[in-house]
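J.: Please find the sequence and the predicted model below.
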Amino acid sequence: MNLFDVYPLYDIALARAQGSYVWDATGRRYLDLYGGHAVISVGHSHPHYVARLQAQLGLISFYSNAVKMPMQDELATELGRLSGYTDYALFLSNSGAEANENALKMASFHTGRRKLIVFKKSFHGRTSLAVAATDNPSIVAPINATPDVVFLPLNDHAALEAHLDDTFCAVFIEGMQGVGGVQVPTDAFLQLCRSRCTATGTVLILDEVQSGYGRTGNFFAHQHAGIQADIITVAKGMGNGFPIGGTLLSPAFMPKHGMLGTTFGGNYLACAAGLAVLEILENENLMAHAKALGAVLIPELEALPGIKEVRGRGLMIGVELEGSAGPLRKKLLETHGIFTGSSSDPNTLRLLPALNVGQPEIDYLLEALYKELALVRA
Ligand SMILES: Cc1ncc(COP(=O)(O)O)c(C=O)c1O
């Protein structure tokens, strides 16, 4: 049997990883400023993370959601405490798409409505409704497509006011768009989403799968706008590589047995990974670190030659070049050994390092970028 060939792969096989570095099978070291699609939040193989998972593996790794698992309660309590959403309830799953699918289902159960407002350049995942809410027709199969999803331009107040009435179950928006090239909803736009949703009885769902877990310097990106969402979804950085997703629901949502469910979601190993991440985030003050590092790095990136725009906050940064970002990303990887991310905007590269990346790693990146961008100019 061969693998179903859907991924354009680097010709690199990784053998080990530590902190912000990964090593290939030949022993070459790479600086990882992408974290495998924004997943590595507390650094590769963090000793506390490894110890927590190893200890759990020796006790019990799996049972289904048929028995009490106090670690799930502990994870929910800690997530509520660190995010400020103390009175919300947590439904655990295995990925970002599943977290979103469950959020959308709950919004529809709750309102009895089926229409949805989403935004241009969105990415919400590849399951049925999540992909229908994703602005990329090439990955939406005919069976997924639905006329119930309305795409509006991000930050367009007039469009939101014109479309949102009391026939929609949800407004579904990323805290900060990731795959779309780090497009930032303004505080005023998020505040408008909040007030219009409240006025029309629509559920406001914040997809924080990529922008959450401290990446932008606050626990959730939408908290920069001072708003509260009705439902928030998380995954990626939540488990630092162990598959886990979560749907956080306001007290307005009433659970009923059997309403949602999953075989693997919330298993012991996933909870151990999720707790380890929260413990490291808090003990190492990583949200403040991400905020401070981003505040210095963003202006430094803006000052480089050939840069059109730098977008983002904290350690979720999109660097838009005057031309295609592909050749620069290739040079960074092949010549300087630096992993960066692409985006659906061909001119934008994404930087999504571990939240405990250090100043020497940032300096190395800036030096490499300066060399390559100055060469292009010369
Ligand atoms: C904002 C956002 N939502 C959802 C997803 C889907 O997550 P997963 O690939 O874990 O299903 C992604 C993945 O890139 C994402 O960036």
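T.: Cool, the structure landed. Residues are numbered from 1 along each chain as shown.
J.: residues from the stretch 1-150 of the chain in reach of the ligand?
T.: Contact residues, the stretch 1-150 of the chain versus the ligand (C-beta under 6 Å from any ligand atom): 37, 95-97, 100, 123-125. Heads up, the C-betas are built off the backbone N, CA and C, glycines and all.
J.: Of the residues you listed, which is the nearest to residue 247?
T.: Minimum distance to residue 247 across these is 8.0 Å, recorded for residue 100 (C-beta to C-beta).
J.: shouldn't residue 306 be in contact with residue 370?
T.: No. Using C-beta atoms under 8 Å, residue 306 makes no contact with residue 370, being 10.2 Å away.
J.: Give me the buried subset of the residues of the stretch 1-150 of the chain next to the ligand.
T.: Buried members of those, scored by 16 or more other C-beta atoms under 10 Å, are 95-97, 100, 123-125.
J.: what's the closest of those residues to the ligand?
T.: Distance to the ligand, by C-beta to the nearest ligand atom, is smallest for residue 96 among these, at 2.3 Å.
J.: sorry, back to before: next step: the buried ones among the residues of the stretch 1-150 of the chain next to the ligand restricted to helices.
T.: Residues from these lying in helices, with DSSP state H as the criterion: 96-97, 100.
J.: Do a quick rundown of the strands in this structure.
T.: 14-18, 21-24, 29-32, 89-93, 115-119, 149-152, 168-174, 203-207, 231-234, 245-249, 307-313, 316-321, 338-339, 348-351 (DSSP state E).
J.: ok, and what's touching stretch 216-226?
T.: 82-84, 174-176, 185-188, 190-191, 206, 208, 211-213, 215, 229, 232, 287-288, 290-292, 294, 312-316 (C-beta atoms under 8 Å, 6 or more residues apart in numbering).
J.: returning to that earlier point: return the most buried member of the strands of the chain.
T.: Mean neighbour count, computed with mean count of other C-beta atoms under 10 Å, is highest for strand 231-234 among those, reaching a mean of 30.
J.: For that strand, enumerate the helices and strands it packs against.
T.: helix 96-111, strand 203-207, strand 245-249 (3 or more C-beta pairs under 8 Å, 6 or more residues apart in numbering; DSSP states H and E).
J.: circling back: could you dump the strands of the chain to JSON lines with mean pLDDT?
T.: Below are those laid out as JSON lines (pLDDT from 0 to 100):
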{"stretch": "strand 14-18", "mean pLDDT": "98"}
{"stretch": "strand 21-24", "mean pLDDT": "98"}
{"stretch": "strand 29-32", "mean pLDDT": "98"}
{"stretch": "strand 89-93", "mean pLDDT": "98"}
{"stretch": "strand 115-119", "mean pLDDT": "98"}
{"stretch": "strand 149-152", "mean pLDDT": "98"}
{"stretch": "strand 168-174", "mean pLDDT": "99"}
{"stretch": "strand 203-207", "mean pLDDT": "99"}
{"stretch": "strand 231-234", "mean pLDDT": "99"}
{"stretch": "strand 245-249", "mean pLDDT": "98"}
{"stretch": "strand 307-313", "mean pLDDT": "98"}
{"stretch": "strand 316-321", "mean pLDDT": "98"}
{"stretch": "strand 338-339", "mean pLDDT": "98"}
{"stretch": "strand 348-351", "mean pLDDT": "98"}
